[in-house]
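Student: the amino acid sequence is not available; the structure is as follows:
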Ligand code: ADP
Ligand code: MG
């Protein structure tokens, strides 16, 4: 039976087919229910309207009403011949004189909007005037902001050339300020030019939502059971929907938001967990009941005892591998936490049960490094390992293929070539993927087909980019997560120091002290694509400065960067690794791979230009030896607030997980490295994984307890949950991104 919720949007009073098409194409609204769950992104509180004279650059977002006084358009000079000079006065103070990029358009001529680069709008309210600046959507705004008309503006004031301005303020009609029923606050909805053109202004949107609520609320059933709402103190759905759109008070709005966020996170977790319970029950894997001799021989001859975390993780992996179900596990561990050891021991379990293992790395360099380390550990076991990469020679390749096919090779290490290549395994039982290297559906299918007897091999994905737990839980629906949260003993903490240019002489003195003690120093310069030329220039200047301050032959300085030929790079790198150079000046190419235990100082130039996780990875290059190590973050005096936060955080903690959590809070989950392409299995409408981590944990725990009592959601009190799970939104289909 079709409910009011599922009614097509065109049948809502006030919509009709034409507006329905626009609502669908602009906002993805197809049904009345979709409209009801399109929440305002902000509420206008009439008590918070300010006067222009009160605005200050340090204020956060402000709102005020004002009248449009003057509108001016600026564009490319060559396109406005005869107007030269008109706009020079408006260039920023540090603009290039004589090279005016933008000049004023002649207001008496028809406007060619494709040539307009900037629009300046002066508005006033009797107490003062302020400039509003637009770089985008100019045509639409130009048509709207006619001199003499009054609007409600919302935005962040800033000081520019000693004057206040607001770039890209939101513009609303004064009507949105007017009393809306009981509500002191008015919702502001996403809007577009097309919506406004078809008459769906903010005010009309409010009216449509109000009609929609009238239509759906009487028969709407709550998705959250009563016992849950009572236990968590959440209001019912009718209260929540009414108040998210038309809040009775700030407190009611808060309650509504809380409830809707919880519902979203809870239902998401419920669907993920349900999938996972199901997957666990049905997925067939290769049973590996023993630990085996190879494991034991390797274990007995380890050069060091395993850390508690390594032991725990190996136990988790072992339990998966003997269960008869396919293992699908993500292993997270900071740089240097000892993941290689765990990989080797896991591979040896497969071998002890008569199977083969493959270890895949994202790059050739890392594959070779793995291979070298692994061979060392394997020596006492008699297990044969081989390497296969894109650049393996034909003979090498033939030998590896033959060895894999006849089963004489136990562990194969390589790059992606391993699954792309025409590689046949005799008995593949485990695949270890280093650095969170995701497979597409097709690659995954290929890998699975290589499993012994047509059964998918066990999969272990390892990553050094810590993903906050809350995010991992949601991103990797069917992955179990293991964490190595302990570094091997004997690691000295790295002391992190922030310094600006004034401290450079002191830094150089300190470097000389360290070098006199026999240590080595990294100096890293940023290299980002957009300003590559400038960056190389900075690197070059930095190198010259170092050579001058640390003259040969007392000091030896090497340099590596991406523009050097490969052998030159290798020569310089090897010189530093072997201790023939004291200082290595480099771009961030050294981020991955290099292991120089004798290096005790990492200097990062223009540190404010690096992201948190990159800074953390760079810092991980020191502190690998037995000496106390230092990381010096050099920055400009002036920094954005966000950069300052990052630098302070780096000085405060070395905990990669804490950094990742904070990074996520600052930038939002979309930007966390390594997760960009993966995306979330569903779109969140109101909750945020970054800001609502605590609630996510709670929702997860609650979902677990519900499923434990009632795995199929068959109990009468959970009927509403079962129904919610059957809705499209929570039918997660694309798990291919995972593992
Ligand atoms: P990851 O791959 O997690 O960055 P590695 O596996 O390369 O870390 O280990 C880093 C270093 O720590 C290696 O030199 C390794 O030999 C050493 N190591 C690993 N586990 C231990 C341990 N339990 N005790 C002491 N040293 C260890
Ligand atoms: Mg590693």
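Tutor: Nice, I can see it. The structure displayed is predicted, hence computed values, not measured ones. Ligands and ions are numbered 1, 2, ... in the order given.

Student: near ligand 1, which residues of the stretch 201-350 of the chain are found?
Tutor: Counting by C-beta under 6 Å from any ligand atom, the stretch 201-350 of the chain comes close to ligand 1 at 304, 306-307, 310, 333, 335-341. The way it works is simple: take the backbone N, C-alpha and C, and place the C-beta from them, glycine included.

Student: how about a cut-off of 8 Å?
Tutor: In this structure, the stretch 201-350 of the chain approaches ligand 1 at residues 302-307, 310, 333-343, judged by C-beta under 8 Å from any ligand atom.

Student: report pLDDT for residue 606.
Tutor: With respect to pLDDT, residue 606 scores 92.

Student: burial of it, as a residue count?
Tutor: Counted by other C-beta atoms under 10 Å, the residues lying close to residue 606 total 17.

Student: how about residue 548?
Tutor: 8.

Student: that one sits in which helix or strand?
Tutor: Assessed by DSSP states H and E, residue 548 sits inside helix 532-549.

Student: if we can go back for a sec, mind giving me the ChimeraX select for the residues of the stretch 201-350 of the chain next to ligand 1, buried ones only?
Tutor: Buried members of these, defined by 16 or more other C-beta atoms under 10 Å, are picked up in ChimeraX with:
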select :306,307,310,333,334,335,337,338,339,340,341,342,343
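
Student: just the residues of the stretch 201-350 of the chain next to ligand 1: which are in helices?
Tutor: Among those, the members falling in helices (DSSP state H) are 310, 339-343.

Student: those into a markdown table, with extra columns for pLDDT?
Tutor: Listed next are those as a markdown table, based on pLDDT from 0 to 100:
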| residue | pLDDT |
| --- | --- |
| 310 | 96 |
| 339 | 92 |
| 340 | 91 |
| 341 | 93 |
| 342 | 96 |
| 343 | 95 |
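
Student: any stretches of the stretch 451-600 of the chain with poor pLDDT?
Tutor: Within the stretch 451-600 of the chain, the stretches with pLDDT under 70 are 468-471, 473-478, 528-531, 589-594.

Student: quick check: residues of it near ligand 1?
Tutor: Checking the stretch 451-600 of the chain against ligand 1 by C-beta under 8 Å from any ligand atom, the hits are 462, 464, 484, 488-490, 595.

Student: in the helix holding residue 548, which residues are buried?
Tutor: 535-536, 538-539, 542-543, 546-547, 549.

Student: what does the host helix or strand of residue 571 contact?
Tutor: In this assignment (DSSP H and E), residue 571 forms part of helix 566-577. By C-beta atoms under 8 Å, 6 or more residues apart in numbering, the list of residues contacting helix 566-577 from outside reads 520, 556, 558-561, 564, 581, 584, 594-596, 599.

Student: would you list every one of the helices in the stretch 501-650 of the chain?
Tutor: Assigned by DSSP state H, counting those that start in this stretch, the stretch 501-650 of the chain shows helices spanning 504-516, 532-549, 566-577, 612-619, 641-652.

Student: can you redo those helices as TSV with distance to residue 354?
Tutor: Formatted as TSV, the helices of the stretch 501-650 of the chain follow (distance: least, C-beta to C-beta, whole Å):
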stretch	distance to residue 354
helix 504-516	52
helix 532-549	52
helix 566-577	39
helix 612-619	38
helix 641-652	48
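
Student: pick the most deeply packed of the ones you listed.
Tutor: Ranked by mean neighbour count, the helices of the stretch 501-650 of the chain are led by helix 612-619 with a mean of 22 (mean count of other C-beta atoms under 10 Å).

Student: show me what that one is packed up against.
Tutor: On a contact count with 3 or more C-beta pairs under 8 Å, 6 or more residues apart in numbering; DSSP states H and E, helix 612-619 meets strand 599-604, strand 629-634, helix 641-652, helix 656-667.

Student: turn these into a markdown table, columns for distance to residue 113.
Tutor: What follows is these, written out as a markdown table (distance: least, C-beta to C-beta, whole Å):
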| stretch | distance to residue 113 |
| --- | --- |
| strand 599-604 | 45 |
| strand 629-634 | 45 |
| helix 641-652 | 34 |
| helix 656-667 | 34 |
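
Student: which one of these lies nearest to residue 507?
Tutor: strand 629-634 (6.1 Å; C-beta to C-beta).

Student: contacts for that closest one, please.
Tutor: The contact list for strand 629-634, computed with C-beta under 8 Å, 6+ apart, reads 492, 494-501, 504, 507, 510, 514, 599-607, 615, 618-619, 622-623, 647, 650-651.

Student: run the last query once more with 6 Å
Tutor: 494-499, 600-605, 607, 619, 622-623, 647 (C-beta atoms under 6 Å, 6 or more residues apart in numbering).

Student: mind listing what it pairs with, with the direction of each?
Tutor: strand 494-499 (parallel), strand 599-604 (parallel) (DSSP bridges).

Student: any chance of CSV for those, columns mean neighbour count?
Tutor: Listed next are those as CSV, based on neighbours: other C-beta atoms under 10 Å:
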stretch, mean neighbour count
strand 494-499, 17
strand 599-604, 25
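
Student: export the ones you listed as a markdown table, with columns for distance to residue 130.
Tutor: Shown next, in a markdown table, are these (distance: least, C-beta to C-beta, whole Å):
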| stretch | distance to residue 130 |
| --- | --- |
| strand 494-499 | 36 |
| strand 599-604 | 40 |
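
Student: report the buried residues of the lengthiest strand in the chain.
Tutor: In the chain, taking DSSP state E as the definition, the longest strand is strand 62-76. Neighbour-count burial for strand 62-76, with 16+ other C-beta under 10 Å as criterion, is recorded at 62-66, 68, 71-75.

Student: now for that strand, which elements pack on it?
Tutor: strand 49-50, strand 102-104, strand 116-124, strand 150-155 (3 or more C-beta pairs under 6 Å, 6 or more residues apart in numbering; DSSP states H and E).

Student: got the angle for it vs strand 116-124?
Tutor: Counting by axes from the mean of the first three to the mean of the last three C-alpha atoms, to 10 degrees, strand 62-76 lies at 140 degrees to strand 116-124.

Student: who does strand 62-76 pair up with?
Tutor: In the sheet, strand 62-76 lines up against strand 49-50 (parallel), strand 102-104 (antiparallel), strand 116-124 (antiparallel), strand 150-155 (antiparallel) (DSSP bridges).

Student: just the residues contacting that strand, thanks.
Tutor: Residues contacting strand 62-76 (C-beta under 6 Å, 6+ apart): 49-50, 52, 55, 87, 102, 104-105, 115-125, 145, 147, 149-150, 152-154.

Student: that strand - what's its average pLDDT?
Tutor: Strand 62-76 comes out at a mean pLDDT of 90.

Student: and what of stretch 687-706?
Tutor: What stretch 687-706 shows for mean pLDDT is 84.

Student: ok, stretch 127-141 next?
Tutor: Averaged across stretch 127-141, the pLDDT comes to 91.

Student: contacts for that stretch?
Tutor: By C-beta under 6 Å, 6+ apart, stretch 127-141 touches 51-53, 113, 116, 118-122, 164-167, 169, 193.

Student: now do 8 Å
Tutor: Counting by C-beta under 8 Å, 6+ apart, 51-55, 66, 69, 73, 113, 116-124, 153, 155, 157, 163-169, 171, 193, 196 sit against stretch 127-141.

Student: likewise stretch 2-14?
Tutor: 15-17, 19-20, 23-24, 29-36, 204, 207-208, 211-212, 215-216, 218-220.

Student: could you flag which of the residues you listed are buried?
Tutor: 15, 19-20, 23-24, 29, 31-36, 204, 208, 211-212, 215-216, 220.

Student: which ones among the residues you listed map onto helices?
Tutor: Short answer: these in helices (DSSP H) are 19-20, 23-24, 32-36, 204, 208, 211-212, 215-216.

Student: so residue 629 bridges to which residues?
Tutor: Applying DSSP bridges, one finds that residue 629 bridges with residue 494.

Student: how much space between it and residue 484?
Tutor: 21 Å (C-beta to C-beta, to the nearest Å).

Student: and for residue 343?
Tutor: Per C-beta to C-beta, residue 343 is found 11 Å from residue 484.
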